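# Below is the structure, and that's it, no one-letter string:
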């Protein structure tokens, strides 16, 4: 497997000093549950209904276990646990009750075997992304017009790959194209899909 990355500079902590840099993945796609089921359906005798039912059942048990403050470990994948935090900051000696604590997030700890297998198979290639205003609205429109000739819609992640932009710049451009009326969007699950606005 190969992953594409580019180099980003960290904010300058002290004026005049050289900024540190760090790699960040670019052009990374998201595998959705529908795509996962489609791939597995073609590679096995399981039907899409079988796979969908299995995912629903797994989600139900994860929700039930985490909802009681437990942990869930999936062999070869990793462990899930709930991270709590205080509603308002507290200090040693303060009175604390259950009402002062709320859900913060779900923590995922990957299985060491998963990490080892990925590390053994993964390689990196640099692909330069556009970190700033290196593409104009007109250039973005041209790219999208050509893309829409073969596709009905595009996600933000797909737009990043299309024009080789980082996430922040891509979202800024998409918002500008929405405000201008060139694009329209609809929400599908947790993802916004963009289409060319009707004239």
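Yep, it's here. Values in this document were obtained by computation on a predicted structure and should not be read as measured data. Residues are numbered from 1 along each chain as shown.
# chain center to the helix ranked longest in the chain, what's the gap?
Counting residues, the longest helix in the chain under DSSP state H turns out to be helix 48-67. Here helix 48-67 is found 21 Å from its chain centre; the criterion is Cα atoms, centre = their mean, to the nearest Å.
# For the helix or strand just after it, name the packing helices and strands.
Where DSSP states H and E defines the elements, the next helix or strand beyond helix 48-67 is strand 72-74. Judged by 3 or more Cβ pairs under 8 Å, 6 or more residues apart in numbering; DSSP states H and E, strand 72-74 is in contact with helix 48-67, strand 78-86. Placement of C-beta: from N, CA and C, glycine included.
# could you dump the ones you listed to JSON lines with mean neighbour count and mean pLDDT?
Conversion of those to JSON lines gives the following (neighbours: other Cβ atoms under 10 Å; pLDDT from 0 to 100):
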{"stretch": "helix 48-67", "mean neighbour count": "12", "mean pLDDT": "94"}
{"stretch": "strand 78-86", "mean neighbour count": "13", "mean pLDDT": "96"}
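# Among these, which comes closest to residue 146?
Proximity to residue 146, assessed across the helices and strands packed on strand 72-74 by Cβ to Cβ, is greatest for helix 48-67 (32.4 Å).
# what helices or strands is that closest one leaning on?
By 3+ Cβ pairs under 8 Å, 6+ apart, helix 48-67 packs against helix 33-43, strand 72-74, strand 78-86.
# one more time with 6 Å
helix 33-43 (3 or more Cβ pairs under 6 Å, 6 or more residues apart in numbering; DSSP states H and E).
# where's the helix it packs on relative to the chain centroid, distance-wise?
19 Å.
# Check stretch 29-46 too.
For stretch 29-46, the distance to the chain centre is 18 Å (Cα atoms, centre = their mean).
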